[in-house]
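Q: This is a predicted model, with the sequence first.
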Amino acid sequence: MSDSRFTEFVSMFNDRVKHDRLGEPDGENVTPIDPREIAFTRVFLADMEDIGLVADSDIVHFEKRLGRANAKLNGFGVSEDGAELTLITTIFGSEPNDEPKSAPGSEIAKAVRAAVHVFWAAKDPLHPRMEGSSEQSDMIERLHSAHGKISSIRVLVLINGRTGKQSEYELPDDIPEVTVDAWDLERLFRAASSSLAYESVTVDLEEILGAPLPCLPGPETAGDHRCHFAIIPGDLLHKLYHEHGPRLLELNVRSFLQARGKVNRGIRDTLHDEPGYFLAYNNGISVTVESLDLVEGADGGIAIRQMTGLQIVNGGQTMASIHRAKDRDKADLSNVFVQAKITKIDQDHVEKLVPLISRFSNTQNKVNETDFSANHPFHVKFQQLSEHIWPPGETMRWFYERARGQWEVARIREGTTPGKLKAFDQRTPRTQKVDKNLLAKAANAWGELPHVVSLGGQKCFVAFMKEIAGKGITWEPDEEYYRDSIAKIIIFKRAENIARQIGFSAYRANAVSSTVALVAYRTCGRLKLDEIWKNQNISDAFEETIRSWMPRIHEEIVESAEGRNVTEWCKKKECWAMVQSLDLEFASGFEEELAKGQPLPNVGKFSERKGAKLKTLSHEERERQAKVMKIGPDEWQKLISWMVTRHEYAGFPIQICGTILGYAAAGWKQVPSPRQTSQLVKFLDAWNEAREDEDEE
């Protein structure tokens, strides 16, 4: 390791922590945890997510004495299938500096025990005794509901310094198996500085299997790679996934699509009912490696003794399904085998070939162009646009980070003297740095998808990239798209600043995305984004609208949950539908700023005839409106198809549903009346009841 490069990395990392902390108002988190530790955790996890080392996680800071032991967590994450839990704990120590100190093994063991104790204590209903709605009580409730479903726990320890030798630790007996994954700044540096989007994994097959794995070499068709083919035991795949989990999955492969999809259901059923046919039925997995240690096998052929840099580029769902079948369903894998194509890639071509192999080999559940690669054509073009399109006045520009840390690297590279450093900061201020996650959040919020933003960074980004893929393989962003995107980012960032000033104690991010989405919905796309680009700011009337709406929206998010977990409630379309039905007025002068077009949605108030005075909707009418508006056009079409088969719905019922189908297809620019919703909810209830009866049969 180059000491100078590591020192530079630590300096840039600490600088990011400092500015992340400065972005938070005093008293933002009601927690005894040091705000510097909060910023450190946020930046560290952001880097790990960007590299693909962790999936989406909720950063929630909790520290309290529970019973006779200390309990402390900085965040948590639950896998898609609900079987694996990640507990995140941070060892912060003192203020970050350029010479990280070692964290003693005893301190790591103490942090692990405190993290696991939170999960253990949550088994008894602890959250009802916690004060009000908060992210802390939501986390404890989520951990409580996970008991009995979790098969393994990973404690992720983030260390502001270097990792000391780990000590032995005792944990409660009545919890699932616990593995500890300690990350210090050195380890993060090694992963972040690699050109690979993963931390290299080495697998000693001879040690695991007792003998090298026989393989068949493929022909040498190109100098930058060589393929080998092997049959891998199911128990080996289970062990690899159990020990390494998502680290084995190349970044643009979704880790698990859950057993709801028909492909995964087929995998599950074969593993349970016909394991001997798994090799014949399954398409196998595609693997890339940095190096293969090949030896002569027992039969005189070629065998693999060791693989370095192992990554699953296709077959992640097969791996996860096999792991789930054994851990959750106690399936016998002794007769399960999987065919594997193992591609050894020349080191100089890894960054180019791995994403391409992954993209072209994924056909069972298409990843298409929604991969996470910073080298995706969209991101390359968007960065190019950011480099030559300057806002009016041309004194400063926006900086698009395709990969995290590019801004800091550019600053160091160009700021070789104090004068040049000052010039860079003036020309490319940190406040105008945009990363992929911010772009995705702003776009999805303005696209009226606040529930998608609430799903977390990676899922929000995948949804954004799916929308990009839907534009066609030849489409690329142009100057107008770039300017409009920056305008949406300006709106989103201003809403975040207003939220900080208001000082919500919880659910701030949800209030921000819902407020931006509601403005987009209520203005029917009539907001002049080009004016925001020209002014590089929103108007006073626009700002006042956001400032007056956001507390009401925040209140609605919490109250409409009606005792449910608010964090999980914000991820549902039903929550967004309730926000859409709020009776809120634009600030004076804001409506005059909008482009001319169709009337704005008349939400929260309604008149039965033109010219009549508007009357405020009752709570019951608002709930009916929300119930109707959460249904998309595809579902309304299915309802109509069902109604056509039943004579009692002939005539008016089908006609009114056809009208509402048009409203939904147009993005609810027109809002159903109370008289319409009173009929529509009856049809919806009857349809849902009929579907439930069919499921029971």
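A: Thanks, I have the structure now.
Q: what residues are up against residue 151?
A: 83, 84, 176, 177, 327, 328 (C-beta atoms under 8 Å, 6 or more residues apart in numbering). Where you see a C-beta, it was placed from the backbone N, CA and C, and this is true even at glycine.
Q: Leaving out the residues flanking it, which one is nearest to the fifth one?
A: Residue nearest to residue 327 in three dimensions, not counting chain neighbours: residue 151, with 4.4 Å by C-beta to C-beta, 6 or more residues apart in numbering.
Q: same question, the first one
A: In this structure, residue 83 finds its nearest non-sequential neighbour in residue 151, 4.7 Å apart by C-beta to C-beta, 6+ apart.
Q: Quick one, grab the pLDDT at that neighbour.
A: Here the pLDDT value assigned to residue 151 is 82.
Q: Make 310 the first number, not 1, from now on.
A: Yep, numbering from 310; the last one is residue 460 now.
Q: Need the phi and psi values for it.
A: Main-chain torsions, residue 460, degrees, to the nearest 10: phi -100, psi -20.
Q: about what we covered before: among the contacts of residue 460, which one is most surrounded by other residues?
A: Compared across these, residue 393 has the highest neighbour count, 27 neighbours, by other C-beta atoms under 10 Å.
Q: That one contacts residue 363, correct?
A: No. Between residue 393 and residue 363 there is no contact under C-beta atoms under 8 Å: 11.7 Å.
Q: Show the low-confidence segments of the stretch 660-809 of the chain, by residue range.
A: Applying pLDDT under 70 to the stretch 660-809 of the chain picks out residues 660-683.
Q: remind me which residues of the stretch 860-1006 of the chain are low pLDDT?
A: 906-908, 910-911, 913-924, 1003-1006.
Q: in it, which spans are helices?
A: According to DSSP state H, counting those that start in this stretch, the stretch 860-1006 of the chain carries its helices in the segments 875-878, 882-889, 928-938, 942-953, 961-974, 983-1005.
Q: Would you mind giving these as TSV with mean neighbour count and distance to residue 575 added?
A: Converted to TSV, the helices of the stretch 860-1006 of the chain look like this (neighbours: other C-beta atoms under 10 Å; distance: least, C-beta to C-beta, whole Å):
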stretch	mean neighbour count	distance to residue 575
helix 875-878	20	29
helix 882-889	22	29
helix 928-938	20	35
helix 942-953	16	25
helix 961-974	16	33
helix 983-1005	14	20
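Q: Serialize those to TSV and add fields for distance to residue 354.
A: Converted to TSV, the helices of the stretch 860-1006 of the chain look like this (distance: least, C-beta to C-beta, whole Å):
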stretch	distance to residue 354
helix 875-878	17
helix 882-889	25
helix 928-938	34
helix 942-953	36
helix 961-974	38
helix 983-1005	39
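Q: wait, which of these is closest to residue 491?
A: helix 875-878 (27.3 Å; C-beta to C-beta).
Q: The closest one: how far from the chain's middle?
A: Distance of helix 875-878 from the chain centroid (C-alpha atoms, centre = their mean, to the nearest Å) equals 15 Å.
Q: hey, C-alpha coordinates of that helix in PDB?
A: Below are the C-alpha coordinates for helix 875-878, written out as PDB (Å, rounded to 0.1, in the frame of the first residue of the first chain):
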ATOM      1  CA  VAL A 875     -44.000   5.100   9.600                       C
ATOM      2  CA  THR A 876     -40.800   4.400   7.800                       C
ATOM      3  CA  GLU A 877     -42.300   1.400   6.100                       C
ATOM      4  CA  TRP A 878     -45.600   3.300   5.400                       C
END
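Q: helices and strands around it, which ones?
A: If you count contacts as 3 or more C-beta pairs under 8 Å, 6 or more residues apart in numbering; DSSP states H and E, helix 875-878 packs onto helix 444-455, helix 849-869.
Q: Strand partners (parallel or antiparallel) of the helix or strand harbouring residue 652?
A: Using DSSP states H and E, residue 652 sits in strand 646-654. Sheet pairing for strand 646-654, assigned by DSSP bridges, gives strand 534-542 (antiparallel), strand 594-598 (parallel).
Q: Give the buried residues for the longest one.
A: Judged by neighbour count (16 or more other C-beta atoms under 10 Å), strand 534-542 contains these buried residues: 534, 535, 536, 537, 539, 541, 542.
Q: So for the residues you listed, which is the shakiest by pLDDT?
A: residue 534 (84).
Q: you'd agree it is up against residue 651?
A: No. Applying C-beta under 8 Å as the test, residue 534 and residue 651 come out as separate, 10.6 Å apart.
Q: Distance-wise, check residue 348 relative to residue 650.
A: Using C-beta to C-beta, to the nearest Å, one gets 44 Å for the distance from residue 348 to residue 650.
Q: Would it be right to say that residue 621 lies in a strand?
A: Yes. With DSSP: H, G, I helix; E, B strand; the rest coil as the criterion, residue 621 is part of a strand.
Q: Quickly note the distance from it to residue 541.
A: Taking C-beta to C-beta, one finds residue 621 at 11 Å from residue 541.
Q: which residues do these two both contact?
A: The contact sets of residue 621 and residue 541 overlap at residue 594 (C-beta under 8 Å, 6+ apart).
Q: Could you find the closest non-adjacent residue to the residue most central in space within the chain?
A: Central residue of the chain (C-alpha atoms, centre = their mean): residue 767, 2.6 Å from the mean position. Nearest non-adjacent residue to residue 767, counting by C-beta to C-beta, 6+ apart: residue 365, 4.7 Å away.
Q: how about that neighbour, what does it touch?
A: By C-beta under 8 Å, 6+ apart, the contact set of residue 365 is 358, 386, 764, 765, 766, 767, 768.
Q: sorry, back to before: reformat the buried residues of strand 534-542 as TSV; add distance to residue 470.
A: Putting these into TSV (distance: C-beta to C-beta, whole Å) gives the following:
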residue	distance to residue 470
534	39
535	41
536	43
537	41
539	41
541	39
542	40
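Q: OK, contacts around the spatially most distant residue from the centre of the chain?
A: Residue farthest from the centre of the chain, counting by C-alpha atoms, centre = their mean, is residue 609 at 48.1 Å. Residues near residue 609 by C-beta under 8 Å, 6+ apart: none.
Q: hang on, it is in a strand, isn't it?
A: No. Under three-state DSSP, residue 609 falls outside any strand and is assigned coil.
Q: coming back round to it: so of the contacts of residue 365, which two are at opposite extremes in space?
A: Within the contacts of residue 365, two members stand farthest from each other by C-beta to C-beta: 358 and 764, at 13.3 Å.
Q: Of these two, which one has the most company?
A: residue 358 (20 against 17).
Q: How is the more buried one assigned, secondary-structure-wise?
A: Secondary structure assignment for residue 358 (three-state DSSP): helix.
Q: gap between it and residue 644?
A: Residue 358 is 38 Å from residue 644, where distance means C-beta to C-beta.
Q: again, but for residue 830
A: According to C-beta to C-beta, residue 830 and residue 644 sit 55 Å apart.
Q: between the two, who's got more neighbours?
A: residue 830 (22 against 13).
Q: Now do the same contact list for that one.
A: By C-beta under 8 Å, 6+ apart, residue 830 lies in contact with 757, 889, 910, 976, 977.
Q: Next, count neighbours for residue 381.
A: Using other C-beta under 10 Å, the number of residues around residue 381 comes to 21.
Q: I'd guessed it sits against residue 420; true?
A: Yes. Proximity of residue 381 to residue 420 meets the contact threshold set by C-beta under 8 Å, at 7.2 Å.
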